[in-house]
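Trainee: with the input below, show me the fold.
(one chain, ligands or ions: 1)
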Amino acid sequence: MALRTILTLPHPNLRQKARPVSDFGAELQQLVTDMIDTMHSSQGVGLAANQVGGLAQVIAVEMPLLESDEPDADPPPPHAGELFALVNPRINWHSRGTETGVEGCLSLPGIAGEVERYREVRVQARNRHGKPFSMRFEGWLARVFQHEIDHLNGVVFTDHIDDPENVWPVTPGEEEEAAAAGWQAPV
Ligand code: NI
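Mentor: Residues are numbered from 1 along each chain as shown. Take a look at the predicted model:
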């Protein structure tokens, strides 16, 4: 397992546009595998290549599947527990409706903030082997995809926040607690 170092602001990679991928060979496969391992080990729900120093259009997303002991608990949301490793992703459709939610980012440790995102998006991409892919996501997963695709364009979540009151410090302990509660995890 090869873990990569997660870059944090003000590292310039986080402000650069990632290049489209045309070669689906060994180098890309290693990058994707390393990104998945790095995402898992840092308990993130998403990671973009810019965050680990690979300026290629690659993202990994996985919404944790939280088991509940409650007999009448809600069923897990669609695609929970499903691992997405997408190459050259684009949002080719989005809902008119937006919603505001809390985000954090592995590249901006120690802060969280409220960001307005489209409620539903359709993502077009290729999988790690080059096969075309298109899927609709809503709610929290739609938010994660918008956050990760932003990274590929050199954009971070705080760029969407105008009011400084909508960004606040989070201590590492609180971040872990929030992640355990399942309502927020750094992406
Ligand atoms: Ni992020």
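
Trainee: and residue 117, what are its bridge partners?
Mentor: With DSSP bridges as the criterion, residue 117 is bridged to residue 99.

Trainee: show me which strand runs longest in this structure.
Mentor: Among the elements of type strand in the chain, defined by DSSP state E, the one spanning the most residues is strand 83-94.

Trainee: what ranges do the strands span in this protein?
Mentor: In the chain, the strands defined using DSSP E lie at 46-48, 58-62, 83-94, 98-104, 111-118, 120-126, 132-138, 167-169.

Trainee: and of the ones you listed, who's closest to the ion?
Mentor: Within the strands of the chain, the stretch nearest the ion is strand 46-48; the backing value is 6.8 Å (CB to the ion). The C-beta positions use only the backbone N, C-alpha and C, and glycine is treated the same way.

Trainee: roughly how far out does the closest one sit from the chain middle?
Mentor: Using CA atoms, centre = their mean, to the nearest Å, the distance from the centre of strand 46-48 to the centre of the chain it belongs to is 4 Å.

Trainee: number of residues surrounding the closest residue to the ion within the chain?
Mentor: Distances from the chain to the ion, computed as CB to the ion, single out residue 105 as the nearest residue at 3.2 Å. For residue 105, the neighbour count with other CB atoms under 10 Å is 26.

Trainee: is it true that residue 4 touches residue 35?
Mentor: Yes: using CB atoms under 8 Å, residue 4 is in contact with residue 35, at 7.2 Å.

Trainee: looking at the two, which is more packed in?
Mentor: Neighbours were tallied for residue 4 and for residue 35 using other CB under 10 Å; the higher tally belongs to residue 35 (25 against 18).

Trainee: got a list of what the more buried one touches?
Mentor: Residues near residue 35 by CB atoms under 8 Å, 6 or more residues apart in numbering: 4, 47, 49, 52, 54, 58, 60, 85.
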